[in-house]
Each structure stands twice: as structure tokens, then as C-alpha cells.
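> I would like to see how this sequence folds:
(chains A and B)
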Amino acid sequence: MRAFKYSNVSDAAAAIKLVSANQTAKYLAGGTNLVDLMKEDVMRPTELVDVSRLKHARIEKKGDGISIGATATNASTANDENIRENYPLLSMAILAGASAQIRNMATNGGNLNQRTRCTYFYDVNMPCNKRAPGTGCGALHGVNKNHAIFGWSEKCVATYPSDMAVALAALDAVVQVEGINNTKRSIPFADFHRLPGDHPEKDNNLQQGEFITAIDLPANRLAEKSYYLKIRERSSYAFALVSVAAALATDDNTIKEVRIALGGVAHKPWRASVAERWLIGKQATEKNFRAAAAAELKSARPLAHNKYKVSLAAKAIVRALEGAMQGGLYGAMEADSTTTNKN
Amino acid sequence: MKPLDMQAQAKAGAAFLGENLPPLQDNIVHYPGQFIALVVAETYEQARAAAYKIKVRYTLEKAAVDLQAELPNSKKPKMFMGEEAQVNDGKAAAPLAASAQKVDHKYSTPAEHHHPMEPHATVAVWEGTDKLKLYDATQGVGLTSSIAAYFFGLKPENVNVVAPFVGGGFGSKGLWLHTLIVAMAAKAAGRPVKLALTRQMMQTNVGHRAATIQRVALGTDAGGKLSVMRHHTDTYNNLTQFFEPSGKQSLVLYQAPLREVTYNVAHLDRSTPTFMRAPGETPGTFALESAMDEMAYQLKIDPVEFRIMNHTAKDPMKGHDFSSEFLLDCYRTGAERFGWSSRSMEPRQKRNGKYLVGYGMATATYPGGRSAASVKVLMNSKGDVTVMTASIDIGTGTYTVLAQTAADALGIPVDRIDVKIGDSSLPPAPLAGGSQTTASIHPAALDACVLLRKELTTMAVADPDSKLNGRNPEEIGFAEGKLFLKGDEQKNDTYLNILRRAKRNEIEACATTLPVSGAGLTVPSALCTPSQTPPEQNSDIKQYAFHSFGAQFAEVWVDEDFGTIRVKRFTSVQDVGRIMNEKTARSQVIGGVIFGIGAALMEATDYDKRWGNPVTRTLADYHVPVHLDVPPIDVHFIGKPDPHISPIGARGIGEIGITGVSAAIANAVFNATGKRLRDLPLTPEKFFD
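Now for the predicted structure:
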């Protein structure tokens, strides 16, 4: 690790001032990703401003919805009574990610700012446009089994690793951001993360110094029928090959509202809007789920080693919608073996 | 630094080095990740920061990085570790063609890394210019000492290597270049230097299990008796004579009149392959035991029955009896404990919700190795005993079990015994590899204790103040810290009183035992004298083959939509001779099975085909099983002492647990789904290929 300056501040305004003034400064919260990246010499901030003790950790009602503090930990968010009751999809997604130890340290703001786990990004001896713009994409013609099937560019085929963000995308979350001189803005979740395009070095649309204060979740009627399905190479503590956040509202088995977002398939949580549009007004049947999934996967562009993700994603969408219909977290669904491997 | 000279090295007793490359002695880069410089600083962070500033210029040459592409240039090595490498080359073709039933398939296994939790680490301290002390994470203090002595031109007794506790090795902690480089740096710096490898260096600098492409053909008569077995392996190496010997078990298992076992070894400019838990048998049993399952299905014979039908009670190559062999009991006991009879031969018959359920089994085997070892036992005037040998505990329980043997042999409680191991200045013992520590050091410990008791007895019977004065030593028994007259235990004398009356503060005995099988040390410690006949005079080794056997049974649940496979329970029955300690033995087998679950379902090191570097460079990319992947594992030991390996009767147990596991799982997947998967690991994408 390289030498850096460390500052501890008492409020967000002071933190924002410091990080806005230094292009190579970063916020430090749980440090579960940033510190790893510094140890590997992938990220080389000259200054870390510690925001982990700032008073932005509250999870509270806001209008009909809820506001989740950016410095609240993933663990406290997943286990919050209000979240579990009204946004079980978010609880399920968070608990599907990382390990208990990491969730106890990692914060919600940090989760949205984590970097890809692409091995070419992590290995400083490899080309990577995200880490070192202009060096090329190592994964495009390299080992790309875990990479994107949607929305990638010649510059970058990495995926976004978060589970939490997949649920937030499905829940139409809004990211509350504060910048220098008390400027505030709200970023709809779909606009928060970016596709790689020509600038894969930019994961999201935050400006230098902008600080996430909270993530707002609007009210919905999806709590009873929501499910997060994560498919991975082992039973826990592995990034998703494909994950699906699915939620529905039905009236007499007619789909009134449906949300589907995919993880592990793109540079950002991939909202399956084609499938969603296809399903609205249809009956909630396996046949319709299959047709909707197939419609979504039509635009998939797999790489040399990840063709399997196309059929995997289609089947996962179907299973997640079935899981949601059966009551998700509180139902008897056995879609994900992680919940049944305890006998 | 001495140049590399394998013969001189061997003469100096330093024949075992991870890679045949003297550290930092030329300007050629042989593989990605090779050490080319060491930066020393006051702190780790300073050293890392300084290392980032080093700029290296290379002339690029074409590198060989892909096994498939290099196979046309591969060689057929004549020998593997002193044994003929190509057995009956070409002889199986005709009998295979004439077989009533035949299977012939390709199986592949990936490169794997040992990844013990504790990384390799060394602290080097020079005392003057001719004495070196190395605190090293190693599987062999004697090995490290002799190789360091060779390279630095020191007397072996002047290189003291210390490793009281080692956090796992699995074959990766032989001797690699960093240990020598740290000693070089300490010499240059004139003060102690410490180095701990990063997890990334553990992928490039301390060995790995090479990938294999294996082709196994089996032929039987119409009734299912094997007539011929052929096992060919394509693999690679670099900077070593070692290559993955995945045909080994195919020379030991089953009765078949002819078996052909051959290897093609390509050269890859990849970090050096080495021994990894059950080298050979781990990938080899996957191929052979999958093929056995395929043949059983073709014949419509139950896979357990098929193995019982073809069981051999003799070493099929040498014709010797096995020293002790209860494999049929392993099959039958395993089938019984697992509930094998409830299995349907026909695939896809059992479901549980979304899952297809399948049962599979495989044979396990590993050689029963034993090397020479010396053990010293010292008793002080308080009756405390110290047991000393330059062995190692890599997490296997060496300390615990050695104390038990000494306690039994001296008739004193275990808590009076202090075990000192992991120091090269102690009497020599083999490295902790090849599952041979228990089989090697316990006979020596037993002999040393017997010698100690003999001396106490001699002192007692010669002492007019002893109640045992004048007695024949043959009449004397021992228990609870004393000697007694057999048949009249009132006539006794405690060890403490014997020592006190003789005005002795301590008494010691040392024994060296030579192996009946396997290679090992040939020079007895100066402190010890050989107490058994040398191996060439031992009739056992000419008469018997020494192997352990077992049977592995797996139940898997497969989610066909996703290609996800979970092992739901596992039964492992092992015939490994006498069990010294049920708890540590069970732990070894459980660890082996978990290791095998990893090999079956997730472990693989992937390499970039352009640059040859590993891309699975952290434990987030290189998956090993987590708790949730590990089902209840039922371990059962046959427990019959091996009457020929040693008076102790124990064969090793560190490696056999992993053998056969991946085949049992893949066979269970076939039983569940009807899909035969022949390429490890069985990650979801394999299901969709």
C-alpha cells in the first residue's frame, strides 16, 4: 500500500469539502473494498476522509416510503424491521452477498461505490481500461466466464458485483447526494450506475466530492411477492454468476405490476424492462414467465466463455418470479439451495 | 550461491527442491510471477511502496502457456521418482479391441493450488558468517536445512530450521526460492530479514497441481471381469522432474491381466507444478473411478458389485500380497452405512422438490509410505518426559499422537509428556509429506521408549535397594510410572526412585528405525543407532505391497435448471491400519473429503492463454468449499493394524481421504441426472456445454 493522508471529520459538509478539493481523495466508510484495492495497488488515493462515524446511519420513514442512511451497515439494513416487512427483497439481496463479517462492516453508500471484481481490473500487471484507461480490456479476449452479456463495450466487459444494488434497481430507489456548498440532488437508481461505453473508468455518475447521504425507497405493493435468487459456484460467499431480483403485484393472478432486475450480467444492475413490459396484464404462469425471460435474453451478447449465462439468466428469471409468487422470504420456496442445505 | 547441480545436491542430501532454479542467478524469466528481486525495508509497507518503483525491461520471447497447444511437443518421461513411468506402452490396444465390453473416454482436471490458510513465511537470522537460523513455514525442517546448507556452502548442522507450528501445507511447503532469497537478503543486510508471501505469490511461487487430460479405457469379458485397463495422462511441468502421476492408482486397483499406464509431459512456461494432497491419485481416481462407473452402467451391474467382482487381493504389478488389505470390507460397510441399497441404478429416478437426487461411489487408495526416523526420549528426575524428533505438525496432530505413543510405551500419563518437534537440530525425521509421518516416527518413538525402559530395568535389577533386585528383566512389567514383577505387583519400583537412588538427574534413549517401504533418510543420527534391520534385509518389503484403501459414497442434489450441484451427505470408510487417535484421524479424513468436494465442484486455477498468468488470483476467485457446501460426513475406520508396516501397525492417513471423492460426486451426478460430466470442476457452465 502507498502512503496516504487520513482525515476524520465531524460532519458531511467538512468531508465533502476535503474530497472535493482533492481529485485523488476518497471517502472511507467500511473499507471492505477500497482497502483491498489499495493493498493490491489498484486504487491509489492520496487522501482518505473517514465518513464511517458521520450521522447518516438512520433508517427512517420518509413520506410513504423509507430512507436508508448511507453509512448504515449492510447488516443493520438487512435486519431492520421496517425493511424486512416492507422491502423483503432488499433484505434477501443483502443477505445473499458477502459474509456476515463483511456485511457488519460494509455500508450502504459504500456498496453502491464498490468496484468490479474483474480479475483483469484487480491485477495491475494486466491491461484494463477501467483501472488504466487506454491500456485495453484484458477480459474481452481473455478469461471472461464471469463477465457481461448485456450492455458491454469493446472497452470493458466487466460486471457490477453488488447484490444489494440489484434489489435497489428493482425497487426504483433514489440516491440522495450532497455536493460542495450544500448542493443536493436526487439520482434515480437507473441513472446512478453507468454502462461502460467509452469511459469504463467511471462506474457511476457521481462527481468528485459528491457524497451519498441516503437511499430512498418509495412505497410499493410488492412486499408480499418478492424474491431474490442468486446463482453461484458455491453455497455462499461467492459473487453471482447470475442473480435476479423479482417482485410482483397481482390481481386474481393477473400481473398488475412487476419488477425484474438482474445481477452478474452487466456493468450495472440490469433492469429487465423488456420482460417486465411483456408480463404486464398477463397471467402469472410459468409459461408466461418463460416467454418474458426469452424476450429479455434476445438482446444478450455473450462472450467466448459465458454463453451459459444466457440460458442460466432465462431460467433464473422464471424461478425468481415463481419464488416471488410463492411468497419469497416468508414462503416455502426452495429455489435457492442456500436456504435448504441445512438438513 | 552455488550453481544448481542435481547430483551434488543429491549427494549433500538436498535432492528435493520445489523448482530446479537457483534463486536470482540468471536473467531469464521462466514463468509469470517468478521472483526477480527482493526489496528490504524497515516496514512491510515501505518495502511494498519501494517495490512499486522498480521498473523492469524485458525482451519478449514466445512463451508456451497452453497445454493443448503444446501437447504435440510433449515428451514421454522414462522414470517417475525412481519408478518406470511408461508401463506396457501400446500393449493394451489389441486386448481392448478384443474385449466383449469396452469404455474409452477423456477426463480432464484443472490446475489447482494448495492455498493453506497460513501463507509461506520465513525469518532468516545469520549468526556470524557460517551459521544460519531460519524460522520457516515448512513441511520439513531437515529438508530446508540441508538445501540451505548446500546453496550457502554451510555445514548442515550450522543451518538450524525452526517450525514449531505450521498452518497447513498440503504439499506446497517443500522448499521454494523465497526461503533462500530471504537468507541471501539477511546476509546482505547484515541483520534478520522477514518475508511473508502474498496470496498472489502463493499462486505463482510455491507450486501447484498441474492440469491433466486423461484418457481411460477399460475392457471386460461378457460377464464383467476386467481384462484390460489403459490410463494415459497428458500433463505438463516446468523446472522440475516432477509431473502429476495420475496413473498411479491404475497400477494398484483391480484384477486385470493387462494394464497400460503412460504419460505425455509437455513443457509450459508456467510456475512449477509440485506435490499436492494425494498427487496422482486425486485427479487419477477421478478418471479411473468415473470410467469404472461408466462400465458398471454399460454392464448394468451395481457399481459396488462391479468393484467387488474385480477386486484384487495382490499388488497387480508386483504380484505381492498387500501387507494388510480390507477393501472389500470398506465397500460393504460403506454401502451399509450409506444406505446404498435404496439407490436406483436407473438415473433420474429420485427427486426432492426442484432437485434431482443421486448416489455415487468410488474407491479410494494411497500408498502406505514409511521412511527412516529417529526419536529421542528424555526423562528427568521429576518423571517428566520429553519426546524429540525433527518432525512437523502441519495441523495433523503430530504433537498429540506422539505423546500418546510415549505415554503408552512408558506407562505414564500423557500430561507428563512434552513433545518437541519442528526443529532441525532434533533427531532427524522425514518431511511431513506422502502420508508417512505417523508410520515413520512412531516405531522410532516406541523403540526409544523401550530402550529407556530397558535402561531403567537394568538399573533396578542391579540395585540392591530395589525390590526388583536380581530379577530377570523378562519378568518385569511396567505401568503407572513404575516397574513391577509380573504376577506380584507388590514388588515394584518407581521410575523416580530408580533415578533418585542412582543419583541421575535425567536419563535418555534414542532410536532410529529404518523403513520397510518408501525412500527416506539413510544416515542415522549421531545420537541414535539403527534398531531395525536395513530395508534391503527386511523380508517384508520383498513380500508385501503397502497400500491403504477406502470407499467413498456421496449423495448429491442437482438443480438442473442452473447446473448447481450440492453434496448433501458423504460416507467415507477407510482401511488405513491401526488408528492412533480417532479424533485426529477423523479430522484428516473429513479434511480430505472437503478438499475433494472442492476439487469436484469448484476449485480451479484459470490461466490467461495470452500471457500465461493465473487469473483466479484471490480466494474470492479461487473457490474452496464454505461451511454451507460441507454436508454431514460419516467417517468409519476398519481399524485393523497392519502387521507388516511396523510394530505400531499404522499407515498414514493424510491423503487417502481426498482420493475417489470427485469421482463419487460425479458418479452421483450421473445417477441423479443421466448426464456424465468428465471435466472438473463441475461448475454450472459445464452443465450447459
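> Please report phi then psi for B:Lys102.
Dihedral angles of B:Lys102 (phi, psi; degrees, to the nearest 10) stand at phi -150, psi 140.
> What about it, how many residues nearby?
With neighbours defined by other CB atoms under 10 Å in any protein chain shown, the count for B:Lys102 comes to 17. Just so you know, the C-beta spots here come from the backbone N, C-alpha and C atoms, and that holds for glycine as well.
> do the same with the one 5 residues further on
Applying other CB under 10 Å, we find 28 other residues in the vicinity of B:Tyr107.
> Quick one: residues contacting it.
Residues near B:Tyr107 by CB atoms under 8 Å, 6 or more residues apart in numbering or on different chains: B:Ile213, B:Gln214, B:Arg215, B:Val216, B:Phe286, B:Ala287, B:Ser290, B:Ala291, B:Arg678, B:Asp679, B:Leu680.
> Looks to me like the second one is in a helix.
No - if the criterion is DSSP: H, G, I helix; E, B strand; the rest coil, then B:Gln214 is strand and not within a helix.
> Spatially nearest residue to it (excluding sequence neighbours)?
B:Ala287 (4.0 Å; CB to CB, 6 or more residues apart in numbering or on different chains).
> where in chain A is pLDDT low?
Applying pLDDT under 70 to chain A flags the ranges A:329-343.
> what's the pLDDT at B:Thr437?
Predicted confidence (pLDDT) for B:Thr437: 94.
> wait, is B:Pro625 part of a strand?
No - per three-state DSSP, B:Pro625 lies outside any strand segment and is coil.
> Isn't it up against A:Ser236?
No - the criterion here is CB atoms under 8 Å, and B:Pro625 misses it with A:Ser236 at 10.2 Å.
> who has more neighbours, those two?
B:Pro625 (22 against 18).
> residues in contact with that one?
A:Arg234, B:Ile594, B:Ile597, B:Gly598, B:Leu601, B:Met602.
> mind redoing it with 6 Å?
Neighbour list for B:Pro625: B:Ile594, B:Ile597, B:Gly598 [criterion: CB atoms under 6 Å, 6 or more residues apart in numbering or on different chains].
> does the first one belong to a helix or a strand, and which?
B:Ile594 belongs to helix B:582-601 when assigned by DSSP states H and E.
> what about the strands in the stretch 1-150 of chain B?
Under the criterion DSSP state E, counting those that start in this stretch, the stretch 1-150 of chain B contains strands at B:79-80, B:83-84, B:101-109, B:121-127, B:131-136.
> Would you check how far apart the residue sitting furthest away from the middle of chain A and B:Asn671 are?
The centre of chain A is farthest from one residue, A:Asp252, which by CA atoms, centre = their mean lies 32.0 Å away. A:Asp252 sits 43 Å away from B:Asn671, going by CB to CB, to the nearest Å.
> Out of the contacts of B:Pro625, which comes closest to chain A?
Nearest to chain A among the contacts of B:Pro625 is B:Gly598, at 8.8 Å by CB to the nearest CB.
> In contact with that closest one: list those residues for me.
B:Val624, B:Pro625.
> per-residue confidence at it?
98.
> swap in the one 3 residues further on?
The model reports B:Leu601 with a pLDDT of 98.
> cool, the one 5 residues further on as well?
Here, the pLDDT recorded for B:Asp606 equals 97.
> can you check the one 10 residues further on too?
Reported pLDDT at B:Thr616 in the predicted model: 95.
> Now B:Glu555: which helix or strand?
strand B:547-559.
> in its sheet, what does that strand sit against?
Partner strands for strand B:547-559, per DSSP bridges, with pairing direction: strand B:355-367 (antiparallel), strand B:564-575 (antiparallel).
> With B:Trp557 as the reference, measure out to the residue of the stretch 251-400 of chain B found nearest chain A.
Nearest to chain A, among the residues of the stretch 251-400 of chain B, is B:Gly353, at 4.8 Å (CB to the nearest CB). Distance, B:Gly353 to B:Trp557, by CB to CB: 9 Å.
> gap between the most centrally placed residue in chain A and A:Asn113?
Geometric centre of chain A, nearest residue: A:Ala165, 2.3 Å, by CA atoms, centre = their mean. Per CB to CB, A:Ala165 is found 10 Å from A:Asn113.
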